[in-house]
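# predicted structure and sequence below. I'll ask about it afterward.
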Amino acid sequence: MGSDISALIETDRTPVEVPRAPWGEVEDRIALNVQHLIPDRSTLQVGIGAVPEAIVASLRDRKDLGVHSGMIGDSIVDLFESGALTNAHKEIDTGLTVTGSLIGTARLYRFADHNKSLLLTPSSYTHATSTVAQLKRFVSLNSALEVDLTGQVNAEAVGKEYIGAVGGQVDYVRASAYSEHGTSIIALPATGKKGDSRIVAKLSGPVTTSRSDVDVVVTEYGAVRLRGLSLIRRVRGLISIAAPEHREELLRCAREFWPEV
């Protein structure tokens, strides 16, 4: 409605386009390890980047998925066109893909144009725990730069190099705990571009998501559900999904603090 608009600026410039992040074998293996965590009729929140792209691409055989996300990209168009995304069984906003922003290419904007099955809402709705809690099978999908041996997540910076923002990760990780069958997934490659481990003894940047909030962590070497585990079992579980060549060093570092690991 016009009364809801504070300012309107007309332009002939096309919307800014953000290309899809390419992915490869590692991301496909991560997606394979996520498969069992996303059943039919799940409602998804999806981050951006190569790992979320690969995971969404692997879900085209699902039935009646829904989307409730702070942002969506071209991968959601793929999911819709495959028939996997229907939003038919969402407890709220049934039949609607709900998001706060569109980040993608012209294909995404064409999909959104006059699309009555797409609802854009403010973050006060998309990110609200009271909203997400009404979705019974809510799955939060986010990536990270590194995860330490206790489950703390850094999704922002490596050393002094600031790479990303907090965004909605913390909101959705916490909100998923209030969903009746909710799951939050932090998925990341086990190693960085230089072969360094991204499962680390100590974070090189800030804590984005606390270990008390983290649910499932996934790499190409497996998935471990941390929620409810003791500190020692967390350490063991995270070492088990680190790259094999880094596990011995991680175990050595862990035993400096926890000899019983």
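Happy to help now that I have it.

# need phi/psi at Lys90.
phi -70, psi 140 (degrees, to the nearest 10).

# my guess is it contacts Asp64, does it?
No. Applying CB atoms under 8 Å, one finds Lys90 not in contact with Asp64, separated by 9.2 Å. Using the backbone N, CA and C atoms, a C-beta is placed for each residue, glycine as well.

# near the nearest residue to Ala157 once chain neighbours are set aside, how many other residues are there?
Counting by CB to CB, 6 or more residues apart in numbering, Gly205 is the residue found nearest to Ala157 once chain neighbours are left out, at 3.8 Å. Gly205 sits with 18 neighbouring residues when counted by other CB atoms under 10 Å.

# go on, Val214?
22.

# how near is Ala88 to Thr94?
Ala88 sits at a distance of 7 Å from Thr94 (criterion: CB to CB, to the nearest Å).

# I should have written Tyr178 there, sorry.
Distance from Tyr178 to Thr94, by CB to CB: 19 Å.

# so which of the two has more stuff around it?
Between Tyr178 and Thr94, Tyr178 has the larger neighbour count (other CB under 10 Å), namely 14 against 11.

# the spatially closest residue to the more buried one that is not a sequence neighbour: what's it in contact with?
In this structure, Tyr178 finds its nearest non-sequential neighbour in Ala133, 3.9 Å apart by CB to CB, 6+ apart. Neighbour list for Ala133: 175, 178-179 [criterion: CB atoms under 8 Å, 6 or more residues apart in numbering].

# one more pass at 10 Å, please.
By CB atoms under 10 Å, 6 or more residues apart in numbering, the contact set of Ala133 is 91-92, 175-180, 182.

# ranges for the strands of the protein?
43-46, 66-69, 97-99, 118-120, 138-143, 146-148, 153-154, 157-158, 161-162, 183-187, 199-200, 216-219, 222-225 (DSSP state E).

# mind listing the strands the second one pairs with, and their directions?
Right, strand 66-69. strand 43-46 (parallel), strand 97-99 (parallel) (DSSP bridges).

# winner for burial among these?
Of all the strands paired with strand 66-69, strand 43-46 has the most neighbours on average by mean count of other CB atoms under 10 Å, namely a mean of 28.

# dump it to PDB, keeping only the CA atoms.
Output in PDB follows, covering the C-alpha atoms of strand 43-46 (Å, rounded to 0.1, in the frame of the first residue of the first chain):
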ATOM      1  CA  THR A  43      11.300 -25.300   6.000                       C
ATOM      2  CA  LEU A  44      14.700 -23.900   5.100                       C
ATOM      3  CA  GLN A  45      16.700 -20.800   6.000                       C
ATOM      4  CA  VAL A  46      19.700 -20.600   3.700                       C
END
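
# what's around the closest residue to Ser197 other than its chain neighbours, how many residues?
In space, and not counting its chain neighbours, Ser197 is closest to His246: 3.8 Å by CB to CB, 6+ apart. By other CB under 10 Å, the residues close to His246 number 19.
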